[in-house]
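Fold the stuff below for me.
(chains A and B)
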Amino acid sequence: ELKVEQNPLFLSMQEGKNYTIYCNYSTTSDRLYWYRQDPGKSLESLFVLLSNGAVKQEGRLMASLDTKARLSTLHITAAVHDLSATYFCAVDINRDDKIIFGKGTRLHILP
Amino acid sequence: KAGVTQTPRYLIKTRGQQVTLSCSPISGHRSVSWYQQTPGQGLQFLFEYFSETQRNKGNFPGRFSGRQFSNSRSEMNVSTLELGDSALYLCASSLVRGDYEQYFGPGTRLTVT
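Residues are numbered from 1 along each chain as shown, chains lettered A, B, ... in the order given. Sure thing, here's the model as predicted:
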């Protein structure tokens, strides 16, 4: 059974600091997603990583994928309050739209 | 281009009742997936429809069912509601099955009392 594990699950950090969220998954996959969810809202797609070594960046967020280690990271650079949200990683192992999500990392950035 | 729409947005039902939720995918999208989100279990895959056929099903009891129409719109039905069915139900659409771009709707918040 595919497992997707994120850590940490909760993260409180100061503005201006850097931090990394880790996502491990248990079965080979070349599709790794990162989503953002604000309270009471739907999921916003941040990144889709499709190959080993893929790196994508958008503003203060950068995601990478190591398919051999079955690990993806979401790095936050110089955090700002607006990045406070819950971040999910998810994996689609069979390319069949059945996406398995991690439990999410609730990020709280203190001003 | 309009996004994924879900109706209703909020719903309150009583235990034992049944409910039908609707999802209209982005125009031209043919694949629709459903997810349940609860504080305890997180986001869980319910099922996926493509070309009016269920292609994948998650680990949910038979009380949860769905269908897809020829215009790609999808409905999911939950019968004999239980308190634990209270959740945010999200649907996502993609152009074709296996397309890596999935777009999520705003969700339907179901409360069972």
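
Tell me which residues touch residue 19, please.
All of this is about chain A. A:Y19 is in contact with A:L11, A:M13, A:H75, A:I76, A:A79, counting by CB atoms under 8 Å, 6 or more residues apart in numbering or on different chains. Yep, even glycine has a C-beta here, placed from its N, CA and C like the rest.

wrong chain, I was asking about chain B
By CB under 8 Å, 6+ apart, B:V19 lies in contact with B:L11, B:K13, B:N77, B:V78, B:L81, B:L110.

Likewise for B:P106?
Contacts for B:P106 (CB under 8 Å, 6+ apart) come out as A:K41, A:S42, B:V4, B:T5, B:Q6, B:R9.

just to revisit the earlier point, tell me the one of the contacts of A:Y19 nearest chain B?
Chain B lies nearest to A:L11 out of those, by CB to the nearest CB, at 16.7 Å.

and the closest one, what are its bridge partners?
A:L11 has these beta-bridge partners by DSSP bridges: A:L107.

Going along the chain, name the strands of chain A.
For chain A, the strands defined by DSSP state E occupy A:4-7, A:10-14, A:19-25, A:32-37, A:43-49, A:55-58, A:61-66, A:71-76, A:85-91, A:100-101, A:105-110.

In the second one, which residues are buried?
Okay, so that is strand A:10-14. A:L11, A:M13 (16 or more other CB atoms under 10 Å in any protein chain shown).

circling back: of the contacts of B:V19, which is the most crowded?
Tallying neighbours with other CB atoms under 10 Å in any protein chain shown puts B:V78 at the head of the contacts of B:V19, with 25 neighbours.

pretty sure that residue contacts B:G62?
No: if you go by CB atoms under 8 Å, B:V78 and B:G62 don't touch, sitting 10.5 Å apart.

if we can go back for a sec, please pick the buried ones from the contacts of B:P106.
Among those, those classed as buried by 16+ other CB under 10 Å are A:S42, B:V4, B:T5, B:Q6.

from these, which two are the most distant?
Maximum pairwise distance in the buried ones among the contacts of B:P106, criterion CB to CB, is 11.2 Å, between A:S42 and B:T5.

Now the common contact residues for those two.
Common contact partners of A:S42 and B:T5 (CB under 8 Å, 6+ apart): B:G105, B:P106.

what residues are up against B:S65?
For B:S65, the contacting residues are B:M76, B:N77, B:V78, B:S79, by CB under 8 Å, 6+ apart.

Out of the residues you listed, flag the one nearest to chain A.
Nearest to chain A out of those is B:M76 (CB to the nearest CB; 15.1 Å).

quick revisit: with pLDDT, distance to A:R31 and secondary structure as extra columns, can I get the contacts of B:S65 in CSV?
Shown next, in CSV, are the contacts of B:S65 (pLDDT from 0 to 100; distance: CB to CB, whole Å; DSSP: H, G, I helix; E, B strand; the rest coil):
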residue, pLDDT, distance to A:R31, secondary structure
B:M76, 98, 24, strand
B:N77, 98, 29, strand
B:V78, 98, 29, strand
B:S79, 96, 33, coil
